[in-house]
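Q: Kindly generate the corresponding structure for this input.
(one chain, ligands or ions: 1)
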Amino acid sequence: MKAIQVNELGGPEQMQLQDVPDPTPAANEALIEIKVSGVNFIDVYFRKGLYKAPLPMIPGSEASGIVRAVGGEVNNVKPGDRVAYAMARGSYAELQAVPANLLVKLPDHVTFEQAAAAMLQGMTAHYLTHATFPVQAGQTVLVHAAAGGAGALIVQMAKMLGARVFGTAGSPEKLDIARAAGCDEVINYRTQDFEAEVKRLTDGTGVHAIYDSVGESTFLKGLNVIRPRGMMVLFGQSSGPVAPIDPNILNPKGSLFLTRPSLGHYTATTEELDRLAGDVLNWIAAGKLHLRIDHTYPLADAAQAHRDLESRKTAGKLLLAV
Ligand code: NDP
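A: Next up is the predicted model:
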């Protein structure tokens, strides 16, 4: 099969389209013929070595496709089923052997493109807004990178739950996208001081929670605009990892809560995975949740997709058509 392979850690140029042996599914796995693969920041972290994986490595953590074969212990899917999955590395490829317990069957009315765009960032937005800091009607939350893949979905779900939502983004065009996603207030954090803006918009009270995927450049300032007993949900690091902090700083800032969650811990059981994926796919099918596909690249152009993602050019989802 053809696959994008990383033989050495480094820049996007390390991702080459190569011929590699077809995978064989283990007893608990299904062999998936991939139709569309999602591009996520986590793929960049594996390529650079910030997250560790043995080399050579096929990047990619999310895809949709058709089951072609199943291992002897698999009974939740069968050959011919349309499926999607997240958090199984190796999706920048024509075929992948995937643990069957990660697979979700696709409703007929959800396309391969929608499914590959929704699984990882959609389920992330779901657990962050419904479980990590469950948004209640009337609360105010701040979403950083609100025009981003995960960000715009968090904005939509927080609005569904009745919140007042502030969003930051890095350009006038992205502010328009964040507003279209549902933000009540938008802040260009490259030209405005988001701390001062949030204080102004809340008459100094601050927000109930921040969903922060940006990390290094936003984290510490964010702690200054969370109201007492509010929560900092640090779930990413697109600007770089946050430096270690003294937990005691959470006290004078208002007995704040801090968490650093991951999707895998919120979809650890089949019941959780099916519920989150089911909600996300059903909301898409019902037109309640809107996906913004920024660009679909051929598999061979995965390196360009990474360049675009890392250079802050994109707003929404990047896909690889396999
Ligand atoms: P995005 O689509 O949000 O793309 C990243 C965005 O971050 C950029 O478009 C840019 O938006 C903003 N940004 C701010 N500073 C920088 C910078 N220095 N370099 C690059 N981008 C910057 O990506 P994703 O939605 O795929 O992921 C966002 C983060 O969330 C990643 O760190 C990812 O790993 C994490 N994540 C975590 C999950 C979890 O469960 N913990 C699950 C899913 C994602 P702007 O121009 O508007 O500033």
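
Q: so what's the residue in the stretch 51-200 of the chain positioned nearest to the ligand up against?
A: At 2.2 Å from the ligand, Gly148 is the closest residue in the stretch 51-200 of the chain, using CB to the nearest ligand atom. No exception for glycine: its C-beta is placed from N, CA and C like everyone else's. The neighbours of Gly148, taking CB atoms under 8 Å, 6 or more residues apart in numbering as the test, are Ala169, Ser213, Ser238, Thr314, Ala315, Gly316.

Q: go with 6 Å
A: By CB atoms under 6 Å, 6 or more residues apart in numbering, Gly148 lies in contact with nothing.

Q: Use 9 as the first number for this chain going forward.
A: Taking 9 as the first residue, the last one we looked at is Gly156.

Q: what's the spacing between it and Ala96?
A: Separation of Gly156 from Ala96 (CB to CB, to the nearest Å): 23 Å.

Q: Work out for me the element the most centrally placed residue in the chain sits within.
A: Nearest residue to the geometric centre of the chain (CA atoms, centre = their mean): Gln129, 3.0 Å. Assigned by DSSP states H and E, Gln129 belongs to helix 120-135.

Q: and that helix, how far from the chain's centre?
A: 7 Å (CA atoms, centre = their mean, to the nearest Å).

Q: CA atoms only: put the one helix or strand Glu279 maps to into CSV for me.
A: Glu279 is located in helix 278-293, with elements delineated by DSSP H and E. In CSV, the C-alpha atoms belonging to helix 278-293 read as follows (Å, rounded to 0.1, in the frame of the first residue of the first chain):
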residue,chain,number,x,y,z
THR,A,278,-17.4,1.7,24.4
GLU,A,279,-20.4,3.3,26.0
GLU,A,280,-18.6,6.7,26.2
LEU,A,281,-17.1,6.4,22.7
ASP,A,282,-20.5,5.5,21.1
ARG,A,283,-22.3,8.3,23.0
LEU,A,284,-19.8,11.0,22.1
ALA,A,285,-19.4,9.9,18.5
GLY,A,286,-23.2,9.3,18.2
ASP,A,287,-24.0,12.8,19.4
VAL,A,288,-21.5,14.5,17.2
LEU,A,289,-22.5,12.6,14.0
ASN,A,290,-26.2,13.1,14.7
TRP,A,291,-25.8,16.8,15.3
ILE,A,292,-23.9,17.1,12.0
ALA,A,293,-26.6,15.1,10.2
